[in-house]
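Visitor: Can you look at this prediction? I've put the sequence above it.
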Amino acid sequence: MGSPQVIPLRAALGARIEGLDRADAANPEITAFLNRVLAEHLLVVVPGDRMAPKQMRDFASAFSKLKPQVLRYKRSGEVPEVSVMVSTLMADGTTDKTALRSEDWHTDDSYMAIPAKATLLHSIELPSHGGMTWFCNMHSVYEALSEATRRRIDGKCAIHAYDTSRARNRPSQRTAREIAETPDVEHPLVRTHPETGRKALYLNFNRLDRIVGMDREESDALLDELAAEARNNKHHYGHAWTLGDVVVWDNRATMHRVDVDYPMGESRIMQRVLIEGDRPH
Ligand SMILES: [Fe+2]
């Protein structure tokens, strides 16, 4: 086993790991190495061959316990912790809505009381061009806010819901059981990263409905101001996918979005795994 190299990306976050055999991820030294790189860089790109769902589950286990996807129809049959995300644009307009919903900045699972700590995405089929995934460093967004704005939001909580009128697009329909599993939740607007102690703004343009203790107008104005900082590309990294890539990101201190700019009818299929997290604080 050669020793893997960490190459920081020339962007606001992220590192690439070269020379790693993903099959070694269960080795305690490699497990510790992967988690260290993720905590430091918030996003890790691990290039390699395409993996079957079982191999992906085994690799993802290096980042802690896996959590099954809420929406049953997205679960891959053989391995329920691995979801198959089809974002192919269909000429007949039957595109999976997830593709459009993911077009705006979000962090996975924030509508849950205990959101996913991290997400892994693995490219299985890619269109000939387009479909980049963008990531935003929410530590640097928080640090870029004015002192006065930080004073306004420190200690505030916000309500995250499966859907909100603030989101550009509507999410997939839930079954009655899935609705019962996903009531609205409250999270702090500013999170402290449990491993590094750094503060991060905790936003989600698809789920964050309002700030607790403010009327809708005041809350919308403040959320728009925070969103404007997060949209500044000095906080971003754009990942152009190569087949077989695994990208792992820390949902506690990043947001992500996808460019839905790829050709109609060309397959875009990813496997996704969510890693269990803790209650935000
Ligand atoms: Fe996502």
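Guide: Received the coordinates, thanks. Residues are numbered from 1 along each chain as shown.
Visitor: E217 belongs to a strand?
Guide: No: membership of E217 in a strand is not supported by DSSP: H, G, I helix; E, B strand; the rest coil, which gives helix.
Visitor: Contacts only, for it.
Guide: By Cβ atoms under 8 Å, 6 or more residues apart in numbering, E217 lies in contact with nothing. In short, each C-beta sits where N, CA and C put it, glycine included.
Visitor: Can you tell me how far it is from E40?
Guide: E217 sits 40 Å away from E40, going by Cβ to Cβ, to the nearest Å.
Visitor: Check D245 too.
Guide: 20 Å.
Visitor: of these two, who's got more company?
Guide: For the pair D245 and E40, the greater number of neighbours falls to D245 (20 against 15), based on other Cβ atoms under 10 Å.
Visitor: Pretty sure the more buried one sits against H122.
Guide: Yes: counting by Cβ atoms under 8 Å, D245 does reach H122; the two are 7.1 Å apart.
Visitor: Assess the claim that G131 and V258 are in contact.
Guide: Yes: the criterion here is Cβ under 8 Å, and G131 meets it with V258 at 6.5 Å.
Visitor: what residues do those two have in common as contacts?
Guide: The contact sets of G131 and V258 overlap at S87 (Cβ under 8 Å, 6+ apart).
Visitor: I'd guessed T31 sits against D24; true?
Guide: No: with contacts counted by Cβ under 8 Å, T31 stays clear of D24, the gap being 9.3 Å.
Visitor: Show me what secondary structure element comes after the lowest-mean-pLDDT helix or strand in the chain.
Guide: When each helix and strand of the chain is scored by mean pLDDT, DSSP states H and E, helix 97-101 comes last, with a mean of 66. Downstream of helix 97-101, the next assigned helix or strand under DSSP states H and E is strand 118-125.
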